[in-house]
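> got a predicted structure plus its sequence, pasted below:
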Amino acid sequence: MINVLYIDDERHNLIAFKASFRRLFNVYVCESAEEGRQIIERETIHVILSDQRMPRMTGIEFFESIIEEFPDPIRILITGYTDISAVVDAINRGQVYKYLTKPWHEEEIRIFIEKAYEVYMLRKENRDLTGRLIDANHKLEFLARQALLS
């Protein structure tokens, strides 16, 4: 099952999101970036949706703050405002997969979460395959050196 975290300072949005998607995904919700960080520190989160305009830390700032320590979750920025500079910042600084506007449509969100999870799994598979390839290469180099020495 896909683990989804939704961060929004508007409680009614959190309630609506959880009610809409709790049967499809493991849904975690919280009202601040600080709470969001606590959740991703203890849970494996595949997709994070964050509101842009929140007190103390914007969605972009939150994404930017977790990239180094938690690079794997796919990030989706969701906002009620159409601010082109926020879109550019989201892409450049927060490495955001999608930028969505409120009010959101359930079917659209569901599709984007599922597509984001596919990206998450493809990246994981790519890392795993790359690691196996590197290991195989080291073994081949070792065998080649052994053959040359004997």
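Noted; the coordinates are in hand. Residues are numbered from 1 along each chain as shown.

> so which bits of stretch 7-23 are buried?
7-8, 13-14, 16-17, 21 (16 or more other Cβ atoms under 10 Å). Placement of C-beta: from N, CA and C, glycine included.

> now intersect the residues you listed with the strands, please.
residue 7 (DSSP state E).

> distance to residue 109 and pLDDT added to the buried residues of stretch 7-23, as CSV?
As requested, the buried residues of stretch 7-23 are exported to CSV (distance: Cβ to Cβ, whole Å; pLDDT from 0 to 100):
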residue, distance to residue 109, pLDDT
7, 14, 97
8, 13, 96
13, 12, 94
14, 13, 96
16, 11, 95
17, 8, 96
21, 7, 97
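
> so can I have TSV of the buried residues of stretch 7-23 showing distance to residue 150?
Listed next are the buried residues of stretch 7-23 as TSV, based on distance: Cβ to Cβ, whole Å:
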residue	distance to residue 150
7	60
8	65
13	68
14	66
16	70
17	64
21	61
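
> ok, so of the buried residues of stretch 7-23, who is nearest residue 116?
residue 21 (13.0 Å; Cβ to Cβ).

> worst-scoring helix or strand of the chain, pLDDT-wise?
Ranked by mean pLDDT, DSSP states H and E, the weakest helix or strand in the chain is helix 84-92, scoring a mean of 64.
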